[in-house]
Every structure is written in structure tokens, then in C-alpha cells.
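*Asks:* predicted model follows, preceded by the sequence.
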Amino acid sequence: MKPTDSSQKQNLEQARRLARELYDYKLSKLENLPDDERRQLKARFSDLSAAQFDDVREQVIVAKHEERARVGWQSIPHDLAVIVLVLATAFGDLRTGLIAGVAALVFLESLFMRFFDRHLYPALSLAVWLTYPSYALLAYILHRRGYEILEIAGIVVFAWPGLFLLGALARIPLQLLWQERGKQRQSPPK
């Protein structure tokens with residue numbers, strides 16, 4: 001027996017409502033949905049078959065993983081810029097490190113804003129684990145070069161939110177540039 005258009009629309013609407021509700025769940029809870037909660041949800045969304053219910057749940061899990069990866073992808077330029085700042089400071093001086101860190105940040109923001117590679121993300125996301133040891137290394141390098149403790153603390157405390165702020169500011173003109181290029185490609189040539 002072929003389902004009618006109205007029953008298909010009703011199923012689709014229930015699937016959308018279920019997806020909206022499931023999207024509010026934490027990912028860990030969604031992946032290991034307790035049996036009693038699963039039964040309650042299936043009872044509330046009774047027009048969906050078990051296969052449809054599981055399909056919606058799996059799609060929401062995939063979407064949440066994708067969202068997590070995209071959000072994490074946007075923090076990678078900051079983490080890599082910190083590493084560049086510290087390495088340039090180690091092999092040069094603080095001014096060289098700051099210039100190299102900011103230049104790397106702007107370059108990486110533009111690159112990471114335009115491209116997303118889910119296969120590179122797991123490897124690059126490991127840079128976050130190097131960020132804080134890099135700050136500690138920066139403090140050690142500055143201490144060895146004769147900086148006062150308060151100066152070191154000020155530099156490290158400024159660098160942490162400063163690079164986040166500069167990254168956000170760098171995204172603004174880049175977003176405008178990409179939007180303008182998109183508009184130019186869509187408009188017919190004169």
C-alpha cells in the first residue's frame with residue numbers, strides 16, 4: 001500500500017520536530033540514548049517507524065559532529081599562531097615573534113575561513129594541546145632573556161586574549177571580501 005501525500009508530509013513534519021528536539025541533547029547522551037527515553041520519544045513521534053526514528057537520530061549525530069568539527073576548525077589558526085609566535089621569539093626576539101604570530105594568524109584565518117577539510121581536522125586540532133605549553137615556553141624564553149616577572153605575565157596574559165581578538169577582527173574584512181567576490185561571480189558581466 002502506497003503512503004499518501006498527507007501521511008508523507010506528516011511523517012516529514014514529525015521527523016523535523018524530532019530532529020529539532022534531539023539537536024538540543026548533548027552529543028554523548030544522543031549517542032547513548034537511554035532506552036526509557038527512546039521509548040518516550042518513539043511514543044511521542046509514533047508516526048515514524050523505528051528505522052525512520054533511528055535515521056533521524058543518526059542524522060542529528062552526524063550534524064552535531066560536523067558542527068563540532070567546524071567550530072574547532074575556526075580555533076586552529078589561533079593555536080598555530082601561538083606556536084609560530086613562540087618559535088619566532090625563540091629564534092629571534094619578541095618583536096619578531098609578535099610580527100610572525102600576527103602575520104601567521106591573519107594568513108591562517110583567511111585560509112581556514114575559506115577551506116574546511118574534515119580529514120585534516122583531527123591532526124590539526126592536536127595543536128590545541130601545544131598552545132598552553134607554548135605559552136609556558138614563551139615565559140621561560142623571556143625569563144632567560146632577562147624580562148621581569150610582571151613583564152612576562154603581562155606579555156603572556158596579553159597574548160592569549162589578544163590573538164583571539166585579532167583573529168576575530170581579521171575575519172571581518174575577510175568575510176566582507178569573500179561576500180563581495182561571491183556577489184561579483186553571481187552577477188552577469190556587463
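*Replies:* That came through fine.
*Asks:* tell me the centre residue of this structure?
*Replies:* residue 71 (1.4 Å; C-alpha atoms, centre = their mean).
*Asks:* please identify which helix or strand holds that residue.
*Replies:* helix 50-91 (DSSP states H and E).
*Asks:* and that helix, how far from the chain's centre?
*Replies:* Distance, stretch centre to chain centre, for helix 50-91: 4 Å (C-alpha atoms, centre = their mean, to the nearest Å).
*Asks:* same for it, what does it pack against?
*Replies:* Using 3 or more C-beta pairs under 8 Å, 6 or more residues apart in numbering; DSSP states H and E as the contact test, the elements touching helix 50-91 are helix 5-23, helix 27-31, helix 35-44, helix 94-114, helix 121-124, helix 128-144, helix 149-186. (Each C-beta comes from the backbone N, C-alpha and C, glycine too.)
*Asks:* now that helix: average pLDDT?
*Replies:* For helix 50-91, mean pLDDT is 92.
*Asks:* circling back: deepest in the core, which of the helices and strands packed on helix 50-91 is it.
*Replies:* Ranked by mean neighbour count under mean count of other C-beta atoms under 10 Å, the helices and strands packed on helix 50-91 are led by helix 94-114, which reaches a mean of 17.
*Asks:* quick one: that helix to helix 149-186, angle?
*Replies:* Inter-element angle recorded for helix 94-114 and helix 149-186: 30 degrees (by axes from the mean of the first three to the mean of the last three C-alpha atoms, to 10 degrees).
*Asks:* mean confidence (pLDDT) on helix 94-114, please.
*Replies:* On average, helix 94-114 scores 92.
*Asks:* elements contacting it?
*Replies:* Counting contacts by 3+ C-beta pairs under 8 Å, 6+ apart, helix 94-114 is packed against helix 50-91, helix 149-186.
*Asks:* in a markdown table, list these along with distance to residue 7.
*Replies:* Converted to a markdown table, these look like this (distance: least, C-beta to C-beta, whole Å):
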| stretch | distance to residue 7 |
| --- | --- |
| helix 50-91 | 12 |
| helix 149-186 | 39 |
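*Asks:* so which of the ones you listed gets nearest residue 128?
*Replies:* helix 50-91 (5.1 Å; C-beta to C-beta).
*Asks:* ok, residues contacting stretch 15-24?
*Replies:* Contacts of stretch 15-24 with the rest of the structure, by C-beta atoms under 8 Å, 6 or more residues apart in numbering, involve 30, 41, 45, 48, 52-53, 56-57, 59-60, 63-64.
*Asks:* before we move on, back to that, distance of the residue nearest to the centre of the chain from residue 104?
*Replies:* Residue 71 sits 21 Å away from residue 104, going by C-beta to C-beta, to the nearest Å.
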